[in-house]
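S.K.: next input, structure requested:
(chains A and B)
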Amino acid sequence: MTEEIKNNNVAEAGAVVEVDRSLYDFKYEEEGFYRYEEGLTREIVERISRDKDDPEWMRQLRLRSFETYERLKVPDWGPPVDELDMDHIAAYVRPNTDMKNRWEDVPDDIKNTFERLGIPQAERESLAGVGAQYDSELVYHNVRKEVEEQGVVYTDMESALKGDHAQMVQEHFMKLVPPSDHKFAALHGAVWSGGSFVYVPPGITVEIPLQSYFRLNAQGAGQFEHTLIIVDEGADLHFIEGCSAPKYNTANLHAGCVELYVGKNARLRYSTIENWSKNMYNLNTKRAVVEENGRMEWVSGSFGSHVSYLYPTTILKGNGSQCEFTGITFAGAGQNLDTGAKMIHTGAGTSSYINSKSISKSGGISTYRSSIYIDKNAKGARSSVDCSSLMLDDISRSDTVPAMDIRTSEADVGHEARIGRISDDAVFYLMSRGVSEAEARSMIVSGFASSVSKELPLEYAAEMNNLIKLEMEVM
Amino acid sequence: MSERTMKLGHLPVLTWNRLRLNSGRTESVPAEGVTVLHGGFDNLPAGVTHTLLDNAEASEYIRRYAVKQPQEAVVAGKVPAYHPQAFATGLGAEFENYLDSMDCGADLIQVQPGMLALVPVIWGAMPAENERALTGQIIHLGKGAQLTLIQLIIPRERLSGGTTVHRDGGEEGAGRFLGMMTRVILEEGAHLHLVNVQILGSDSVFLYDAGSSQEKGSGLMVTSLQLGGREVFNGMHADLSGEGAEFDDHTGYMALLDHKLDMTVTCTQRGPATRSEIIYDGVLSGTAKKDLKYTIDFRKGSKGASGNERENVLMLSEEAENRSMPVILCEEEDIDGRHGATIGRPDRDTLFYMQSRGISKDAAIRMLTKARIDAVAQRIGEPKIAELIGHFTEEAFENGSVEFTVS
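M.R.: Alright, predicted model coming up:
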C-alpha cells in the first residue's frame, strides 16, 4: 500500500490529513494494446480460445458456456442492468506485454499504475507472492522463493492450464460455479481470461498472504479473471484480492469468478477490498466448498462500482466445517450495491456466521441479500446472522433481504438485523469534545465499520478506512 | 370439479427465483362450484351496522373511503408486486381478481365515529364438509371508534349456532375450501382488534387475505391463530399512512402432518412516527412445510418510525421444513428497524430441566407447544375461544397430528 494511505492511518483517529482523490482514478492510453472488437459472438469466443491455445476441453467449455449465456436471461430480482450493453463491451484487451516476474521488466505505464496503487511496495513488505492483472492478462506474477520451496503453487491461470497441475485444474475449473449458474457465470465461462491458480499442499501453512490485484484500465471493456484456489488437508492460506479502475463515462464490466476448495482441517481466508470505478458493473461470482473440520473466512469490503451483484457462497460439506463472513458495503452517489452472502450447510455439526455492515449515503442504494440453507442431513448445524445498516441521509436507501431455509429440527439458527441512523447523541458528544460535526460522523462510520477493518491486515484496513473517509467527504 | 393455480403472497421486492420465495403457489382454487357466504348479524352492538355490497359497490366504497396511495414508481429498483391493487392486500391482485370474477361482493361493517363497541363482534365462517366457499368483508371504523372483530374459521361439525351463515355441503370428495378477504379502513384515532382463529381440519384449504388503510393515530391489532388446514395461505398488508398509526400483529401457528402453511405480511410505513410490531410464533411437526415472508417497508416521510419483526419457530420433526424471509426496506434516515429470528428444536436444557422435575419428554414438548399458542390466544380476551383453541391443541396431540422426532 502507498505511503499516502499509511500516513492517513497513523494520523489522529478520524482525522484525514489529506486525501488524494487521484489515487485510483488515473488512466493511461492503450498504445500497442491488442483489443477485440466490441460485442460477443461465437467467433469472438473461438478467437479467445485460439489466441490462448486452450486445451480442447477448455475450448468446449467456452463454447458450451456461450450457448448457455445466449439462453439465460438477465436476473429480474436485483439492481437494474439494462444499461449494460454487451454490444459495447470489448471482451478481451491484451496489454502490450507478456507476463513478467520482475517489476523492472514491466512496461513503464503499467508499472507506474501498480506503483501508484502500492502493489510492489506491499509485495516487498508484507506479501508472499503477487499477481497483477492489467485488463485481460496478468502482466506480473511472482512468488517468494521460500514459499515456492514449501511446494506452494501460485501461478497465472493460463500457465496452470498447461503445466504440471493441468489435470487438477481440469478437475476443478467451473465445477463449483457451473456456467449454468446464472447468465454472467456463463459469460465468464465463455470469455474468461487471466486470474490465478493457487495450490497449497497438505499441512503447509503460508505464513504471509498472497495477493492478486486486478486493474481494468481500458474503456468500455470487460474483465473476466478466474481465481482457483485449492488448500489441501491441514493447510492454511490467506489470499488477498484487490481491484480498481479509472472512471469513464461508458459502462465497464467485471464478471470474474472465484472457486475455492478448502480441504479437511484446512483454513482459507479470502480478503477483498473492491474499489471499482463508479461506471463499473461488478457481476462477480465467488464460491467455496469446505471439507471436514475445514474453515473458510471471507472478509469483504465493497466500495466501488455503479452496480454490484456479489454474494460469496460457502458450501459447508464436511462434518464440522465452519465459515465466517465479515463484510461491509458503502453505497454512495450513483451506486446500487447488492451484496451479501450465502451459506449452504450439508454436513453435520457445521457452523456459519455472517456479520454484515452497510452504509448508504448521497442517494446510494445498499441491499444486503443473503440465504441460509440447512439441509436435512446437517444435524447439529448452527448459523447466526448479524446485519446492520446505517442510513446517512434521507435520499439514500438501504434494504435487507435475507432468506432462511431450514430442513432439519436439529439446527439452531439466529438472525438479527437493524437499520438506523447515526445517533444524534453520539455526534453531540463528540462535538462537545471539540470534534467537528463532519469529523464526528466520519469517526462514527469508521467505528461502525471497525468489525470489518480489524479483520484485515493493517495496510488494507488503512486503505478501507481511507475509502470510507473518501466517501464521507463526497457530498 | 376443476381447480386453478394461483400465485399468492408476493414479496414487495424480489429475490433469487430458485429459492421459490418470491410468491406462494397453489393449485387448489376452485374454478367453479363455489358459494358466497354473507354474515347474518342479529345482535350487533350499538353504532355498528352491517350492509351487503356487491362487487361494484365494494370497489366504489374502497375508492371513496380508503386513503388514496400514489401509484408507486419503484421499491428498491422494482415495481412492487402489489402495485396493481388499488387497495393492497397480503395475497395480492390475482386473488382479488378471482373474488371479483366469482361475484364475491363484501359484507360492510361500519362503526360510527366515536363509538366504542365493548362487546366483540364474532364472525363465524363454518364451511361444511366438501363445501367450497368465498366471503369478503370491509370493516370501516369512523374517527375514534373502537371494535374487536373475531373471525372464527371452524368446520361446521365442530360448532353450531352463533352469528353465522350455514350452507349445505358440496360435492363429495371435493374437500373443504374457504377463500376470504378482509379490508380494513381506520379513520383518525380508530382502533380495531382483528382476531382470526382458524382450526379447519386436514381436508381443508384456507386462503385468508387482508389489508388495512390507516389514518393518523389509528391502530390495527391483529391476533391470528392458524392451527389447521391442509393448505393455508395467510396474507396481510398494513398501510400506515397517517402520523402515529400503529400495526401490531401477533400470529401463532401449528403446521402439522403434511400441511403447507404460507404466510405473507407487509407493513408499509408512510406516515411519521408510525410503529409496527410483527411477531410470529409457531410449531412445525411431521413433514409440514411453512413459508413466512414478512416485510417492514419504511417510506420517505416516515421520520421517527419504528418497526420490529420477530419470529420464533419450534421445529419438532426432522422432516419439517421452515423457510423465512424477513425483509426490511428503508428510504428514510430517521427510522429504527429491527428484525430477529430464532429457529430450531426445543431447547435441550429446558427439556432436561423439565424431565429432571419428573415431566416426561412428551409432556414437556406438549407444554412448550401449548405455551406458544396460549401466549397468542391470551390476547383475544375471550375465555370460550381460548378454551376452543386449547381443546384443539390438546386434540392434535391426542390424535397423533403432532408428530415429533426430537431427541
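
S.K.: verify the stated contact: B:Met254 with B:Gly229.
M.R.: No. B:Met254 lies out of contact with B:Gly229 (Cβ atoms under 8 Å); the separation is 10.2 Å. Bear in mind the C-beta positions are built from the backbone N, C-alpha and C, glycine included.

S.K.: for B:Glu321, which residues are in contact?
M.R.: By Cβ atoms under 8 Å, 6 or more residues apart in numbering or on different chains, B:Glu321 lies in contact with A:Asp405, A:Ile406, A:Arg407, B:Leu284, B:Thr287, B:Ala288, B:Lys289, B:Lys290.

S.K.: quick check: bridge partners of it?
M.R.: B:Lys289 (DSSP bridges).

S.K.: again with A:Ser352
M.R.: As for beta bridges, A:Ser352 partners with A:Cys323, A:Ser383 under DSSP bridges.

S.K.: what does the one 4 residues further on give?
M.R.: Listed beta-bridge partners, A:Ser356: A:Gly327, A:Cys387 (assigned using DSSP bridges).

S.K.: how close does it get to A:Ala411?
M.R.: For A:Ser356, the distance to A:Ala411 equals 21 Å [Cβ to Cβ, to the nearest Å].

S.K.: farthest-separated two in the contacts of B:Glu321?
M.R.: Distance extremes for those: the farthest pair is A:Asp405 and B:Thr287 at 15.2 Å, using Cβ to Cβ.

S.K.: compare the two (neighbour count), which wins?
M.R.: Taking neighbours as other Cβ atoms under 10 Å in any protein chain shown, A:Asp405 and B:Thr287 compare with A:Asp405 leading, 20 against 17.

S.K.: how about the closest residue to chain B within the stretch 151-300 of chain A, what does it touch?
M.R.: Distance from chain B to each residue of the stretch 151-300 of chain A (Cβ to the nearest Cβ) is smallest for A:His182, at 9.3 Å. Counting by Cβ under 8 Å, 6+ apart, A:His182 touches A:Leu72, A:Pro75, A:Thr285.

S.K.: isn't the first one up against A:Lys183?
M.R.: If I follow you right, that is A:Leu72. Yes. Between A:Leu72 and A:Lys183 there is a contact at 4.1 Å, judged by Cβ under 8 Å.

S.K.: comparing those two, which shows the higher neighbour count?
M.R.: Legend: neighbour count by other Cβ under 10 Å for A:Leu72 and A:Lys183, higher for A:Lys183 (20 against 17).

S.K.: three-state assignment of the residue nearest to the spatial centre of chain B?
M.R.: For chain B, the residue nearest the mean C-alpha position is B:Asn234 (4.7 Å; Cα atoms, centre = their mean). Three-state assignment for B:Asn234 (DSSP: H, G, I helix; E, B strand; the rest coil): strand.

S.K.: what about the residue nearest to B:Thr268 when sequence neighbours are not counted, neighbour count?
M.R.: Leaving aside its chain neighbours, B:Thr268 sits nearest to B:Asp297 (4.5 Å; criterion: Cβ to Cβ, 6 or more residues apart in numbering or on different chains). Counted by other Cβ under 10 Å, the residues lying close to B:Asp297 total 28.

S.K.: which residues touch B:Glu311?
M.R.: With Cβ under 8 Å, 6+ apart, B:Glu311 has these contacts: B:Ile279, B:Tyr280, B:Asp281, B:Leu292, B:Tyr294, B:Ser324, B:Pro326, B:Gly340, B:Ala341, B:Thr342, B:Ile343.

S.K.: keep only those of those that are in strands.
M.R.: Those of those mapping onto strands are B:Ile279, B:Tyr280, B:Asp281, B:Leu292, B:Tyr294, B:Ser324, B:Pro326, B:Gly340, B:Ala341, B:Thr342, B:Ile343, per DSSP state E.

S.K.: the first one reaches B:His250, doesn't it?
M.R.: Yes. With contact defined as Cβ under 8 Å, B:Ile279 reaches B:His250; the gap is 4.7 Å.

S.K.: for B:Glu309, name its beta-bridge partners.
M.R.: Under the criterion used (DSSP bridges), B:Glu309 bridges to B:Ile278, B:His339.

S.K.: measure A:Ile48 to chain B for me?
M.R.: Distance, A:Ile48 to chain B, using Cβ to the nearest Cβ, to the nearest Å: 29 Å.

S.K.: quick one: that residue is in a strand?
M.R.: No. In this structure, A:Ile48 is helix, not part of a strand, as judged by three-state DSSP.

S.K.: that one - how many residues pack around it?
M.R.: Neighbour count of A:Ile48, defined by other Cβ under 10 Å: 21.

S.K.: the residue positioned nearest the centre of chain A in helix, strand or coil?
M.R.: Of all residues in chain A, the one closest to the mean position by Cα atoms, centre = their mean is A:Thr272, 4.7 Å from it. Assigned state for A:Thr272: strand (three-state reduction, three-state DSSP).

S.K.: hmm, A:His238 and it touching each other?
M.R.: No. A:Thr272 is beyond contact range of A:His238, at 11.9 Å (criterion: Cβ under 8 Å).

S.K.: residue of the stretch 151-300 of chain B nearest chain A, please.
M.R.: Residue of the stretch 151-300 of chain B nearest chain A, by Cβ to the nearest Cβ: B:Lys300 (6.7 Å).

S.K.: so how far is B:Cys267 from that residue?
M.R.: From B:Lys300 to B:Cys267 the distance is 16 Å (Cβ to Cβ).
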